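*Asks:* Next input, structure requested:
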Amino acid sequence: MSKCPYCDVEIHLEDFFEVTEKETKKGKIKKRIGDFKGEKIYVGLSSNNVRMWVCPSCDKILGFSEYAYDRS
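*Replies:* Just a heads-up that it's a prediction; the model follows:
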C-alpha cells in the first residue's frame with residue numbers, strides 16, 4: 001500500500017477512481033474501475049488533459065500524469 005508523504009495515510013486505488021462492485025452468479029465479487037474522481041486540467045491547443053492526483057485526506061498535490069503535449 002502507498003502512503004501519503006505529507007500525512008502518512010494509506011492511499012488506495014479506490015480513493016482516486018469510481019469503483020463498482022458486482023457479485024457473480026457463483027458468489028465472487030468483481031470490482032470494475034470507472035472514471036477518475038480527481039481534477040482534469042486542460043492544457044495546450046489540442047484536447048490534452050492532465051490528471052492532478054491529490055491526497056484525499058490532506059488535499060495536498062501528489063503529482064500529475066499524462067503528458068500534455070504531443071511531439072509528433
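
*Asks:* Relative to the least confident helix or strand in the chain by mean pLDDT, what are the paired strands and their orientations?
*Replies:* Lowest by mean pLDDT, DSSP states H and E among the helices and strands of the chain is strand 39-43, with a mean of 81. Note on strand 39-43: by DSSP bridges, its sheet partners are strand 48-54 (antiparallel).

*Asks:* can you pull the alpha-carbon coordinates of the strand it pairs with into PDB?
*Replies:* C-alpha atoms of strand 48-54 as PDB (Å, rounded to 0.1, in the frame of the first residue of the first chain):
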ATOM      1  CA  ASN A  48      -5.000  17.100 -24.000                       C
ATOM      2  CA  ASN A  49      -5.900  16.700 -20.300                       C
ATOM      3  CA  VAL A  50      -3.600  16.300 -17.300                       C
ATOM      4  CA  ARG A  51      -4.800  14.500 -14.200                       C
ATOM      5  CA  MET A  52      -4.000  16.000 -10.900                       C
ATOM      6  CA  TRP A  53      -3.600  13.500  -8.100                       C
ATOM      7  CA  VAL A  54      -4.500  14.900  -4.700                       C
END
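
*Asks:* ok, now how distant is the residue lying farthest from the centre of the chain from residue 20?
*Replies:* Ranking residues of the chain by C-alpha distance from their mean position (Cα atoms, centre = their mean) puts residue 26 at the top, at 30.1 Å. Distance, residue 26 to residue 20, using Cβ to Cβ, to the nearest Å: 18 Å. (C-beta placed from N, C-alpha, C; glycine too.)

*Asks:* so where's this protein uncertain?
*Replies:* Where the chain drops to pLDDT under 70, the residues are 1, 45-47, 67-72.
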